[in-house]
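Enquirer: got a sequence here, can you build the structure:
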Amino acid sequence: MLRDKGQLDDYATARLEEAYAWMNANLPVPPFSTSDWPKDAVTWFKDEAGVPVEKMWEIATLLKEHGIPVRMLRSKRPGRVLYEDSYQVVVEEWREL
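Expert: Model (predicted):
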């Protein structure tokens with residue numbers, strides 16, 4: 001949104017695009033479009049995700065630098081697992097969250 005509205009300078013835009021490019025090239029894409037998962041299924045990074053989490057924090061830092069609140073949620077049991085790979089899980093969240 002910030003980039004699309006021209007609210008990022010060239011340096012910030014380059015940082016954002018590099019983070020997106022890395023994620024697109026290196027993270028598996030869960031099969032949202034071909035699944036029968038609920039519409040409110042969400043993706044969580046695993047603790048051991050390493051570099052993908054670092055890239056997400058780069059994006060979060062850009063958001064915070066531009067006044068957009070960011071928070072981190074942690075859960076040992078985020079929900080019923082629908083999909084899992086080395087970096088992430090897609091879950092149907094428990095109602096208590």
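Enquirer: sort out which residues of stretch 25-40 are buried, please.
Expert: 27, 30, 37 (16 or more other Cβ atoms under 10 Å). For the C-beta atoms, the positions are set from N, CA and C on the backbone; glycine is no exception.
Enquirer: output the residues you listed as TSV; include the columns pLDDT and distance to residue 57.
Expert: Shown next, in TSV, are the buried residues of stretch 25-40 (pLDDT from 0 to 100; distance: Cβ to Cβ, whole Å):
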residue	pLDDT	distance to residue 57
27	96	15
30	96	21
37	95	27
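Enquirer: of those, which is the nearest to residue 50?
Expert: Using Cβ to Cβ, residue 27 is the member of the buried residues of stretch 25-40 that lies nearest residue 50, at 11.6 Å.
Enquirer: max-length helix in this protein?
Expert: helix 10-26 (DSSP state H).
Enquirer: with just CA atoms, put it into CSV.
Expert: In CSV, the C-alpha atoms belonging to helix 10-26 read as follows (Å, rounded to 0.1, in the frame of the first residue of the first chain):
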residue,chain,number,x,y,z
ASP,A,10,13.6,4.9,-3.6
TYR,A,11,15.7,3.2,-0.9
ALA,A,12,12.7,1.9,1.0
THR,A,13,11.1,0.7,-2.2
ALA,A,14,14.2,-1.2,-3.1
ARG,A,15,14.4,-2.8,0.4
LEU,A,16,10.8,-3.8,0.2
GLU,A,17,11.0,-5.2,-3.4
GLU,A,18,14.2,-7.2,-2.4
ALA,A,19,12.4,-8.8,0.6
TYR,A,20,9.4,-9.6,-1.6
ALA,A,21,11.6,-11.1,-4.3
TRP,A,22,13.5,-13.2,-1.9
MET,A,23,10.2,-14.6,-0.3
ASN,A,24,8.7,-15.2,-3.7
ALA,A,25,11.8,-17.1,-4.9
ASN,A,26,12.4,-19.1,-1.7
